[in-house]
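> need a structure here:
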Amino acid sequence: QVQLVESGGGLVQAGGSLRLSCAASGRTLSSYAMGWFRQAPGKEREFVAAINWSGGATYYADSVKGRFTISRDSAKNTLYLQMNSLKPEDTAVYYCAASIGYVSGRSGDYNYWGRGTQVTVSS
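Down below sits the predicted model:
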């Protein structure tokens, strides 16, 4: 069993930056693919970014490509999402997730989820 806890969310002005963290406990994340998803009010959960087990491959939604960077630190058993040039449309609850399978952009492929952290970008 893997427990995931997100942190680092908050209120930021458009153009600003935040770094989200996802700390894992229960098991090492080194064998899991990891992903970030987000859900805005009234909208479905959507894929943001994913990284394979080794950190050697990363994938991004078109809406965040060039602005967000996903990374992982195996020694700290932590996943990160660096978010730069934030826009009001990035406002959402951000979730990290772990997959025992291949890296994926589909939420249904992930086995473990955190409870989320709120990101609010003001215009």
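
> From now on I want contacts and neighbour counts done on CA atoms only, so please keep to that.
OK.

> Neighbours of the closest residue to residue 45 other than its chain neighbours, how many?
Of all residues not flanking residue 45 in the chain, residue 39 sits nearest, at 4.3 Å (CA to CA, 6 or more residues apart in numbering). Neighbour count for residue 39, taken as other CA atoms under 10 Å: 19.

> And the pLDDT at residue 39?
At residue 39, the pLDDT value in this model is 98.

> Nearest the middle, which residue of this structure would you pick?
Nearest to the centroid of the C-alpha atoms of the chain, with distances taken as CA atoms, centre = their mean, sits residue 36, at 2.4 Å.

> For that one, give the beta-bridge partners.
residue 49, residue 96 (DSSP bridges).

> That one and residue 123: what is the separation?
Distance of residue 36 to residue 123, computed by CA to CA, to the nearest Å: 23 Å.

> count of neighbours near residue 69?
By the criterion of other CA under 10 Å, residue 69 has 20 neighbours.

> sorry, that was for residue 8
Neighbours of residue 8 (other CA under 10 Å): 14.

> I'd like to know how far it sits from residue 83.
Look at residue 8 and residue 83: by CA to CA, they are 11 Å apart.

> returning to that earlier point: residue contacts, the residue nearest to residue 45?
Going by CA atoms under 8 Å, 6 or more residues apart in numbering, residue 39 touches 45-46, 92-94.

> now do residue 79
Applying CA under 8 Å, 6+ apart to residue 79 gives the contacts 21-23, 34, 70-73.

> Pick out the most distant pair among the residues you listed.
Within the contacts of residue 79, two members stand farthest from each other by CA to CA: 23 and 70, at 13.9 Å.

> Compare those two and say which is more crowded by neighbours.
A direct count of neighbours by other CA under 10 Å for residue 23 and residue 70 places residue 70 higher, at 24 against 19.
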